[in-house]
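Asks: Give me a 3D structure for the following:
(chains A and B, ligands or ions: 2)
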Number of protein chains: 2
Amino acid sequence: MKFSPLVQELIQSLKCLPGVGAKSAQRMAFQLLERNRVGGKKLAESLALAMEQVDHCHSCRNFTEQDICDICASPKRQENGQLCVVESPADVIAIEQTGEFNGVYFILMGHLSPIDGIGPEELHLDVLANRLANGHFNELILATNPTVEGEATAHYIAELAKQHNINISRIAHGVPVGGELEYVDGNTLSHAFSGRKNYL
Amino acid sequence: MKFSPLVQELIQSLKCLPGVGAKSAQRMAFQLLERNRVGGKKLAESLALAMEQVDHCHSCRNFTEQDICDICASPKRQENGQLCVVESPADVIAIEQTGEFNGVYFILMGHLSPIDGIGPEELHLDVLANRLANGHFNELILATNPTVEGEATAHYIAELAKQHNINISRIAHGVPVGGELEYVDGNTLSHAFSGRKNYL
Ligand SMILES: [Zn+2]
Ligand SMILES: [Zn+2]
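Replies: Ligands and ions are numbered 1, 2, ... in the order given. Purely as a prediction, here's the structure:
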């Protein structure tokens, strides 16, 4: 005995969401079917559209439905000469909200994690290396999370960037060690930016 | 500064899922976009299909894409003469797995909760009353959760059913008081069924 085929399939599909197990998936399915068909249909449409049309910005790898994202497309941003490396699109939002930074970004979409099979290739560090080689950057700001993995990733990228005759800095540890960048309040993040130090 | 329009819309739509706030929705969106487009597309399709085609069984109100669900359509089940009232489709699965019950069900899709605006109408108790009036049932088994709300709902339905000259029973409190039916192990649930007592 199982749920009807379409309900069973919906529950199974919901389990692809991170942190959603069998019981949560059931609750989500019943909630949508019983109380929120409009929300469920909207979610189906948003998902289909995003999965189909959202890709990576050719320059910074942030998610965008354009070839080049708005930040990368801005001449003012390009002329600034600073390139900031972060782990996640949410970190870009957090940094933009401080108003401390007017350069461009590179989004790793993660950090080095050999145990999960995430190496330099998965973080597309070749794209970053090409930008450093071709670009007119005078500073590379390493704003990965202040975690063990984030520090290791910052170190790896710094080694990679050394050959390019560029100033390499790491945001100051005003941010709480062991925490994750996107949860830091704007004030702390501002201090971390202005207090950044030469890295290598 | 926000995410790109389609990403922003996806995050917003994911928040309609119960227990999913802004941060979880972001993580879900990034995870699907970065690591599981296939799963995301599959979820979009399952959702669209289920929201469009799944309705309530005309007889028991369980979710089904047919007019009448498989259990209600079974002549053997109909002839059994027992009607079991539960709160959720997951409870039906749990009871079926015990093999203790061969009658039909009525699924409330919740319990009485005046504070949330859920009264007899929202639980479609009129449909239940019609079945009791027209059906050939000799026993009504109240298998709502052993919580305060579940007990109140059982009591309300028992009062409603009294006029129909039908044996009314409540599953035994072998199930842990304060718990939820769908998490009870099959053995305990078997005992609760076989140890059921007359209710009114
Ligand atoms: Zn970009
Ligand atoms: Zn049915």
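
Asks: alpha carbons only for contacts and neighbour counts from here, please
Replies: Fine.

Asks: Could you tell me the angle between the longest helix along chain A and helix B:37-53?
Replies: In chain A, taking DSSP state H as the definition, the longest helix is helix A:37-53. Counting by axes from the mean of the first three to the mean of the last three CA atoms, to 10 degrees, helix A:37-53 lies at 150 degrees to helix B:37-53.

Asks: who touches the helix or strand bottoming out on mean pLDDT in chain A?
Replies: Least confident helix or strand of chain A, by mean pLDDT, DSSP states H and E, is strand A:197-198 with a mean of 72. Applying CA atoms under 8 Å, 6 or more residues apart in numbering or on different chains, the contact partners of strand A:197-198 are A:167-172.

Asks: Select only the buried ones of the residues you listed in PyMOL?
Replies: Those of the contacts of strand A:197-198 that count as buried under 16 or more other CA atoms under 10 Å in any protein chain shown are selected in PyMOL with:
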select buried, chain A and resi 167+168+169+170+171+172
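
Asks: The contacts of strand A:197-198 in strands, which ones?
Replies: Judged by DSSP state E, the subset of these located in strands is A:167-170.

Asks: For these, which two are the farthest from each other?
Replies: The largest separation in the ones in strands among the contacts of strand A:197-198, counting by CA to CA, is between A:Asn167 and A:Arg170 at 10.3 Å.

Asks: Please, where are all the helices along chain A?
Replies: Applying DSSP H to chain A gives helices spanning A:5-14, A:22-35, A:37-53, A:70-73, A:75-79, A:89-98, A:125-134, A:148-161, A:186-194.

Asks: If you tally nearby residues, what's the number for A:Asn134?
Replies: Neighbourhood size, A:Asn134 [other CA atoms under 10 Å in any protein chain shown]: 9.

Asks: What of A:Ile71?
Replies: Other residues within reach of A:Ile71 by the criterion other CA under 10 Å amount to 19.

Asks: same deal with A:Asp116?
Replies: 7.

Asks: Give me the pLDDT for it.
Replies: pLDDT recorded at A:Asp116 is 90.

Asks: How is chain A divided into domains?
Replies: Here the domain parsing of chain A from automatic domain parsing is A:5-53, A:79-170.

Asks: and the gap between whatever residue of chain A ends up closest to ligand 2 and chain B?
Replies: With CA to the ion, the shortest gap between chain A and ligand 2 falls at A:Ser4, namely 10.7 Å. Computed as CA to the nearest CA, to the nearest Å, the A:Ser4 to chain B distance reads 6 Å.

Asks: how much space between that residue and B:Asp70?
Replies: A:Ser4 sits 9 Å away from B:Asp70, going by CA to CA, to the nearest Å.

Asks: who's more crowded, those two?
Replies: Neighbours were counted for A:Ser4 and for B:Asp70 using other CA under 10 Å; A:Ser4 has more, 16 against 13.

Asks: Could I get the contacting residues of the more buried one?
Replies: By CA under 8 Å, 6+ apart, the contact list for A:Ser4 reads B:63-65.

Asks: give me the number of residues near the closest residue to A:Val184 other than its chain neighbours?
Replies: Spatial nearest neighbour of A:Val184, chain neighbours left out: A:Val175 (6.9 Å); criterion: CA to CA, 6 or more residues apart in numbering or on different chains. Per other CA under 10 Å, the neighbour tally for A:Val175 reads 21.

Asks: Could you list which residues are in contact with A:Val175?
Replies: By CA under 8 Å, 6+ apart, the residues touching A:Val175 are A:146, A:181, A:184, A:188-189, A:192.

Asks: just A:Ala154 next, same as before
Replies: Applying CA under 8 Å, 6+ apart, we find A:Ala154 in contact with A:142-144, A:170.

Asks: Check A:Leu47 too.
Replies: Counted by CA under 8 Å, 6+ apart, A:Leu47 has contacts B:10, B:40-41, B:43-44.

Asks: and if we set it to 7 Å?
Replies: Applying CA atoms under 7 Å, 6 or more residues apart in numbering or on different chains, one finds that A:Leu47 lies in contact with B:10, B:40-41, B:44.

Asks: do the same with A:Val85
Replies: A:105-107, A:141-144.

Asks: okay, these in TSV with pLDDT, neighbour count and distance to A:Arg131 next?
Replies: Below are the contacts of A:Val85 laid out as TSV (pLDDT from 0 to 100; neighbours: other CA atoms under 10 Å in any protein chain shown; distance: CA to CA, whole Å):
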residue	pLDDT	neighbour count	distance to A:Arg131
A:Tyr105	96	25	11
A:Phe106	97	28	9
A:Ile107	97	28	13
A:Ile141	93	25	14
A:Leu142	93	26	15
A:Ala143	93	27	17
A:Thr144	93	26	18
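
Asks: so what's the nearest residue to A:Pro18 once chain neighbours are set aside scoring on pLDDT?
Replies: If the residues on either side of it in the chain are set aside, A:Pro18 comes closest to B:Met28, at 6.0 Å by CA to CA, 6+ apart. Turning to B:Met28, the model gives it a pLDDT of 96.

Asks: Is B:Met28 in contact with A:Lys15, as I believe?
Replies: No. With contact defined as CA atoms under 7 Å, B:Met28 does not count as touching A:Lys15 (11.2 Å).

Asks: Between the two, point out the one with more neighbours.
Replies: Counted by other CA under 10 Å, B:Met28 and A:Lys15 do not tie: B:Met28 has more neighbours, with 22 against 18.

Asks: How far off centre is stretch A:144-159?
Replies: Averaged C-alpha coordinates place stretch A:144-159 at 14 Å from its chain's average position (CA atoms, centre = their mean, to the nearest Å).
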